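Asker: Pasting a predicted model and its sequence here:
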Amino acid sequence: MKRHGHCLCKKTRWAFTGEITWSCYCHCDDCRRNCAAPIVAWFGVPLKNFEWFGDTPKSYESSPGIFRHFCETCGTQMGFEAAHYPGGMHLYAATFEDPENFEPTFHVNYQSKLPWLELHDELEKFDGRFLDGSGSPEY
Ligand SMILES: [Zn+2]
Ligand SMILES: [Zn+2]
(Lines give C-alpha, C1' and ligand atoms only; values in the text may rest on other atoms or scores of the structure.)
(Ligands and ions follow the chains in the order given, each with its own letter.)
Protein backbone atom coordinates (compact mmCIF):
# COMPACT_ATOMS: atom_id res chain seq x y z
CA MET A 1 0.00 0.00 0.00
CA LYS A 2 1.25 3.45 -0.91
CA ARG A 3 0.70 6.29 1.55
CA HIS A 4 1.08 9.98 0.78
CA GLY A 5 1.68 13.25 2.56
CA HIS A 6 1.99 16.90 1.72
CA CYS A 7 2.83 20.31 3.13
CA LEU A 8 0.47 23.20 3.72
CA CYS A 9 0.79 24.60 0.18
CA LYS A 10 0.90 21.08 -1.38
CA LYS A 11 4.03 21.82 -3.44
CA THR A 12 6.20 19.43 -1.43
CA ARG A 13 4.89 15.87 -1.23
CA TRP A 14 6.10 12.47 -0.20
CA ALA A 15 5.04 8.86 -0.59
CA PHE A 16 6.17 5.53 0.75
CA THR A 17 5.26 1.91 0.34
CA GLY A 18 5.35 -0.87 2.89
CA GLU A 19 5.13 -0.74 6.63
CA ILE A 20 5.88 2.05 9.07
CA THR A 21 8.92 0.97 11.13
CA TRP A 22 7.96 2.84 14.34
CA SER A 23 5.67 5.68 15.41
CA CYS A 24 5.98 7.91 18.45
CA TYR A 25 5.65 11.30 20.07
CA CYS A 26 8.78 13.37 20.69
CA HIS A 27 8.94 15.96 23.47
CA CYS A 28 12.47 17.26 22.82
CA ASP A 29 13.10 20.98 22.63
CA ASP A 30 14.57 20.79 19.11
CA CYS A 31 11.47 19.14 17.59
CA ARG A 32 9.24 21.46 19.54
CA ARG A 33 10.92 24.64 18.31
CA ASN A 34 11.36 23.29 14.80
CA CYS A 35 7.59 22.76 14.55
CA ALA A 36 6.52 25.55 16.92
CA ALA A 37 4.34 22.91 18.55
CA PRO A 38 4.24 21.50 22.10
CA ILE A 39 4.70 17.91 20.90
CA VAL A 40 5.57 16.26 17.60
CA ALA A 41 4.16 12.97 16.30
CA TRP A 42 6.69 11.05 14.19
CA PHE A 43 7.04 7.85 12.29
CA GLY A 44 9.92 6.22 10.48
CA VAL A 45 10.08 4.39 7.16
CA PRO A 46 12.98 2.77 5.31
CA LEU A 47 14.58 5.25 2.90
CA LYS A 48 14.45 2.65 0.15
CA ASN A 49 10.63 2.71 0.30
CA PHE A 50 10.40 6.50 0.33
CA GLU A 51 10.32 9.25 -2.32
CA TRP A 52 9.74 12.97 -2.58
CA PHE A 53 7.33 14.43 -5.14
CA GLY A 54 6.77 17.96 -6.37
CA ASP A 55 9.24 20.52 -5.04
CA THR A 56 12.41 19.19 -3.44
CA PRO A 57 12.45 20.31 0.19
CA LYS A 58 15.12 22.58 1.62
CA SER A 59 17.25 21.15 4.43
CA TYR A 60 18.44 22.68 7.67
CA GLU A 61 21.27 21.01 9.58
CA SER A 62 20.01 21.52 13.12
CA SER A 63 22.94 19.64 14.71
CA PRO A 64 25.95 18.01 13.04
CA GLY A 65 24.61 15.15 10.91
CA ILE A 66 20.94 15.97 11.56
CA PHE A 67 18.95 17.29 8.62
CA ARG A 68 15.42 18.67 8.90
CA HIS A 69 13.68 19.00 5.55
CA PHE A 70 11.00 21.62 4.96
CA CYS A 71 8.92 23.09 2.15
CA GLU A 72 10.67 26.10 0.67
CA THR A 73 7.39 27.84 -0.14
CA CYS A 74 5.23 27.41 2.95
CA GLY A 75 7.78 26.34 5.58
CA THR A 76 6.05 23.12 6.64
CA GLN A 77 8.46 20.65 8.26
CA MET A 78 8.52 17.59 6.03
CA GLY A 79 11.20 15.12 7.05
CA PHE A 80 14.20 14.31 9.21
CA GLU A 81 17.35 12.34 8.48
CA ALA A 82 20.20 11.72 10.90
CA ALA A 83 23.58 10.09 10.58
CA HIS A 84 22.81 8.10 13.75
CA TYR A 85 19.61 6.66 12.16
CA PRO A 86 21.06 5.36 8.88
CA GLY A 87 18.69 4.09 6.19
CA GLY A 88 15.59 5.77 7.57
CA MET A 89 13.42 8.75 6.79
CA HIS A 90 11.50 10.21 9.70
CA LEU A 91 8.22 11.88 8.77
CA TYR A 92 5.73 14.07 10.61
CA ALA A 93 2.42 12.30 11.15
CA ALA A 94 0.59 15.60 10.75
CA THR A 95 1.72 15.76 7.09
CA PHE A 96 -0.09 12.54 6.17
CA GLU A 97 -2.91 13.06 3.69
CA ASP A 98 -4.94 11.08 6.22
CA PRO A 99 -3.37 11.90 9.60
CA GLU A 100 -6.39 10.42 11.39
CA ASN A 101 -5.19 6.97 10.29
CA PHE A 102 -2.06 7.06 12.42
CA GLU A 103 -1.31 5.56 15.77
CA PRO A 104 1.66 6.60 17.89
CA THR A 105 2.85 3.75 20.09
CA PHE A 106 5.30 5.37 22.56
CA HIS A 107 6.83 8.66 23.75
CA VAL A 108 10.50 9.69 23.60
CA ASN A 109 12.29 12.48 25.46
CA TYR A 110 9.44 12.41 27.94
CA GLN A 111 11.65 14.13 30.51
CA SER A 112 11.27 17.30 28.41
CA LYS A 113 7.46 17.26 28.29
CA LEU A 114 5.99 20.71 28.87
CA PRO A 115 4.27 20.84 32.26
CA TRP A 116 1.10 22.40 30.82
CA LEU A 117 0.64 19.74 28.15
CA GLU A 118 -1.96 17.29 29.46
CA LEU A 119 -1.82 13.77 28.07
CA HIS A 120 -3.91 10.82 29.12
CA ASP A 121 -2.61 7.80 27.26
CA GLU A 122 -1.26 4.44 28.33
CA LEU A 123 1.67 4.46 25.92
CA GLU A 124 5.19 3.69 27.10
CA LYS A 125 7.14 6.82 28.00
CA PHE A 126 10.89 6.90 27.53
CA ASP A 127 13.33 9.50 28.72
CA GLY A 128 15.99 10.08 26.12
CA ARG A 129 16.29 9.55 22.47
CA PHE A 130 14.89 6.24 21.52
CA LEU A 131 13.34 3.35 23.39
CA ASP A 132 16.00 2.66 26.02
CA GLY A 133 17.59 6.02 25.31
CA SER A 134 20.54 4.62 23.40
CA GLY A 135 19.31 2.29 20.70
CA SER A 136 18.45 3.10 17.11
CA PRO A 137 15.59 1.81 15.01
CA GLU A 138 16.45 -0.89 12.50
CA TYR A 139 15.46 -0.15 8.91
ZN1 LIG B 1 4.55 23.90 1.00
ZN1 LIG C 1 12.65 15.38 19.08
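Answerer: Sure, I can see it. Numbering: from 1, shown residues only. Ligands and ions are numbered 1, 2, ... in the order given.
Asker: Name all residues that make contact with the nearest residue in space to Glu124 that is not next to it in sequence.
Answerer: Using CB to CB, 6 or more residues apart in numbering and skipping residues adjacent in sequence, the residue nearest Glu124 is Phe106, 4.4 Å away. Any C-beta I mention is one placed from the backbone N, CA and C, and that applies to glycine too. When the contact criterion is CB atoms under 8 Å, 6 or more residues apart in numbering, the partners of Phe106 are 24-25, 123-126, 131.
Asker: and if you look at Glu81?
Answerer: With contact taken as CB under 8 Å, 6+ apart, Glu81 is in contact with 47, 66-67, 69, 88-90.
Asker: one more time with 7 Å
Answerer: Neighbouring residues of Glu81 by CB atoms under 7 Å, 6 or more residues apart in numbering: 67, 89.
Asker: how far away is Asp127 from Ser23?
Answerer: Taking CB to CB, to the nearest Å as the measure, Asp127 and Ser23 are separated by 19 Å.
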